[in-house]
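Chemist: how would this look folded up:
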Amino acid sequence: MKSKLILWVAILGSLFGCKKSNPSTPDPVIPVPTEKIIEIKTSFGTMYMWLYKQTPKHRANFLALADSGYFDGTTFHRIIKDFVIQGGDPNSKDQDTTNDGDGGPNYTIPAEFVDSLKHDYGAIGAARTNNPAKASSGSQFYIVTNVNGDHFLDKNYTVFGKIIGGLDIAYTISLQAKNAKDRPFADIKMDVNSIEKTAEQLKTEFNFKE
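Modeler: The predicted structure is shown next:
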């Protein structure tokens, strides 16, 4: 009997005397890379813009302005059917329509011409004043609404992005009633933000691959 008791004590000691092993450390969660794109909300619907990495100065500038809220409340102040719709001028926020198209953040961006980036349907280009260096406006941009493209603008104005979702919205805006100076009678305001999407989301939601 004594030997049996000693045996049970030994067994119990081996069971409860050992430390419980720590559960294995779970594998670290690796974040899925994302890309920043631009969301342009209007009363007609929402457009989504891809910014080209081949034009880094224009891309960085547009993202900075979007993230700061600079574009919010500006309008598409110039619309021409089968050509472009243009916006991004802070002057278009007020009630004075006579100076729309003249405003900006008081700086320009050096031209970034890339052979493969052309004024196709849905292309985003930077507006500019007449200047020998063809430097771009700091904020004003346009969207090509000509289904055949506006290729006479190639190498004259920097193309720095394209619409990857909601291009029909841009076309609808181009059809709105306007005055003799191509300004819509009713303000077409925008709310512009940068948002992040994974490569899979870009493919699934917009059928887009970088």
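Chemist: Please, where are all the strands along the chain?
Modeler: With strands called from DSSP state E, the chain shows them at 34-42, 45-51, 76-80, 84-87, 108-109, 123-126, 136-137, 141-144, 159-165, 191-198.
Chemist: Please tabulate those strands in a markdown table, including the columns mean pLDDT and distance to S174.
Modeler: Placement of C-beta: from N, CA and C, glycine included. Formatted as a markdown table, the strands of the chain follow (pLDDT from 0 to 100; distance: least, CB to CB, whole Å):
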| stretch | mean pLDDT | distance to S174 |
| --- | --- | --- |
| strand 34-42 | 98 | 12 |
| strand 45-51 | 98 | 12 |
| strand 76-80 | 98 | 5 |
| strand 84-87 | 98 | 5 |
| strand 108-109 | 98 | 25 |
| strand 123-126 | 98 | 14 |
| strand 136-137 | 98 | 20 |
| strand 141-144 | 98 | 9 |
| strand 159-165 | 98 | 12 |
| strand 191-198 | 98 | 18 |
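Chemist: And the ones you listed: which comes nearest F62?
Modeler: strand 45-51 (6.0 Å; CB to CB).
Chemist: That closest one - contacts with which helices or strands?
Modeler: strand 34-42, helix 56-68, strand 159-165, helix 167-174 (3 or more CB pairs under 8 Å, 6 or more residues apart in numbering; DSSP states H and E).
Chemist: Report the inter-axis angle for that strand versus strand 191-198.
Modeler: Relative orientation of strand 45-51 and strand 191-198, computed by axes from the mean of the first three to the mean of the last three CA atoms, to 10 degrees: 60 degrees.
Chemist: So what touches strand 45-51?
Modeler: 36-40, 58-59, 62-63, 124, 143, 160-170, 172, 206, 208, 210 (CB atoms under 8 Å, 6 or more residues apart in numbering).
Chemist: Retrieve the pLDDT associated with the nearest residue in space to K178 that is not next to it in sequence.
Modeler: Once flanking residues are discounted, K178 sits nearest to P184: 5.0 Å by CB to CB, 6 or more residues apart in numbering. pLDDT for P184: 97.
Chemist: I'd like to know how many residues surround P184.
Modeler: By other CB atoms under 10 Å, the residues close to P184 number 19.
Chemist: Distance of it relative to L63?
Modeler: According to CB to CB, to the nearest Å, P184 and L63 sit 27 Å apart.
Chemist: still on that earlier bit, can you tell me which of the contacts of strand 45-51 are classed as buried?
Modeler: For these, a burial check counting by 16 or more other CB atoms under 10 Å picks out 37-40, 58-59, 62, 124, 143, 160-167, 169-170, 206, 208.
Chemist: tell me the contacts of A66?
Modeler: A66 sits in contact with I38, V192, N193, S194, where contact means CB under 8 Å, 6+ apart.
Chemist: Which one of the strands of the chain lies nearest to Q176?
Modeler: Of all these, strand 76-80 sits nearest to Q176, with 6.1 Å by CB to CB.
Chemist: List the strands paired with the closest one, with their directions.
Modeler: Partners of strand 76-80 in the sheet, by DSSP bridges, are strand 84-87 (antiparallel).
Chemist: Just give the closest residue to R59, not the sequence neighbours.
Modeler: Counting by CB to CB, 6+ apart, the residue nearest R59 is L51, at 4.3 Å.
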